[in-house]
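**Q** structural data only, the sequence is not supplied:
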């Protein structure tokens, strides 16, 4: 109520009854107003608002902009905490925002709180997150907050992406983009880059390579035109991965060079590591240079932070290099350490990880463990079943055929010796 809002603001500003009353009100009258036992005149209300440093409308509203900003500040602080540092942060955010939901009707603060709230509901597996995301989207559209609106649209699309429903994810993103381009007069370059990057990812995911390439190259040109490095490392990484999938050696070398140049220029460890990860795959697949692979891995294996983020990639490359050297038992030990990271969902990345079972199958063949070889080879193809075609999928299919052939030869020998 009005009196409670006045008292709360007074205490937040560390003002006494006397200091707020000043010369325009008596301390007794102000006390009655704060306890909702007296209603202030319009003049008195304007006087109180001025002394509190807020608008009169803020006091009359059911919830003032000042209060909303205070809640939003708390919510942003919590939302930006890492989940590993605050495991129950989404529950805390829901509990913080939920009491104010009926009052979130307009303005940036309301839209952003609804945006954060819907994401927290999603992460807590509540089905009602979509209705709140729609309300937040409408508010962003009303106040023309294009960047926030695009980010929310991308989030809604990526929900399906994490479920590996790539076609539905692309459909949602294209629809969100259409709404933005229809209702917003201007889309800033950084928002355009976000939209293009995610659209390219999804076109690649559904095996529409021509459209994906066009969108990706358009994004790179936008980055160059506006002289912004935003998303450029992601785009170069995507481009190098696409070149590798299409076995275009010239483009692989070009984009690897670009990715390294950016990492060195920006002194960005993530970009440098991204370059090295793509290089590891290239050295294994194209060059068969397992010595360089091990040298590159050893550069990073002693860094705990790198292993925390990129350990599975390093273990996979080391296992494949051990196979290349004919050290099959060691290869299996390293490949057994590989777990697909929970945040990995793109078919490109999944295809790289799913190869591990094919390599294990080949190791088991050399160790004459036929049943385990067949089990691993079949596991690889089962994983690849719903992924689009790629050199990695083709390698696993050829591996399965080879393992089946070797296992059949072994069984025929057993039958002949009976």
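**A** Arrived safely. Treat the numbers as computed from the prediction; the structure is a model and nothing was measured.
**Q** hey, where'd the helices end up in the stretch 201-350 of the chain?
**A** For the stretch 201-350 of the chain, applying DSSP state H, counting those that start in this stretch gives helices covering 209-225, 232-245, 249-266, 269-282, 290-301, 304-324, 328-336, 347-366.
**Q** you'd agree residue 395 is up against residue 356?
**A** No - judged on Cβ atoms under 8 Å, residue 395 makes no contact with residue 356 at a distance of 11.6 Å. Any C-beta I mention is one placed from the backbone N, CA and C, and that applies to glycine too.
**Q** now the helices of the stretch 201-350 of the chain in CSV, with distance to residue 98 and mean neighbour count?
**A** Formatted as CSV, the helices of the stretch 201-350 of the chain follow (distance: least, Cβ to Cβ, whole Å; neighbours: other Cβ atoms under 10 Å):
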stretch, distance to residue 98, mean neighbour count
helix 209-225, 38, 16
helix 232-245, 35, 22
helix 249-266, 41, 16
helix 269-282, 35, 20
helix 290-301, 44, 16
helix 304-324, 34, 19
helix 328-336, 45, 18
helix 347-366, 36, 23
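**Q** okay if I get those helices as TSV plus mean pLDDT and distance to residue 173?
**A** Shown next, in TSV, are the helices of the stretch 201-350 of the chain (pLDDT from 0 to 100; distance: least, Cβ to Cβ, whole Å):
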stretch	mean pLDDT	distance to residue 173
helix 209-225	93	11
helix 232-245	87	15
helix 249-266	88	24
helix 269-282	88	23
helix 290-301	93	34
helix 304-324	93	26
helix 328-336	98	35
helix 347-366	96	16
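**Q** which one of the ones you listed lies nearest to residue 123?
**A** Evaluated over those, closeness to residue 123 peaks at helix 304-324, with 20.5 Å, by Cβ to Cβ.
**Q** which neighbouring elements make contact with the closest one?
**A** Packing partners of helix 304-324 (3 or more Cβ pairs under 8 Å, 6 or more residues apart in numbering; DSSP states H and E): helix 269-282, helix 290-301, helix 328-336, helix 347-366.
**Q** redo the helices of the stretch 201-350 of the chain as CSV? Include distance to residue 378.
**A** Below are these laid out as CSV (distance: least, Cβ to Cβ, whole Å):
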stretch, distance to residue 378
helix 209-225, 28
helix 232-245, 24
helix 249-266, 31
helix 269-282, 24
helix 290-301, 27
helix 304-324, 19
helix 328-336, 16
helix 347-366, 8
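**Q** out of the ones you listed, the one nearest residue 117 is which?
**A** The minimum distance between residue 117 and the helices of the stretch 201-350 of the chain falls on helix 232-245, with 27.9 Å, by Cβ to Cβ.
**Q** wait, doesn't residue 3 sit right on residue 29?
**A** No - here residue 3 lies out of contact with residue 29, judged by Cβ under 8 Å, at a distance of 11.7 Å.
**Q** more neighbours: which of those two?
**A** When neighbours are counted by other Cβ atoms under 10 Å, residue 3 and residue 29 differ, and residue 3 comes out ahead with 19 against 16.
**Q** tell me the mean pLDDT over the lengthiest helix in the chain?
**A** The helix that spans the most residues within the chain, counting by DSSP state H, is helix 391-416. Mean pLDDT, computed over helix 391-416, is 91.
**Q** quick check: buried residues in it?
**A** Across helix 391-416, burial judged by 16 or more other Cβ atoms under 10 Å covers 392-393, 395-397, 399-400, 402-403, 406-407.
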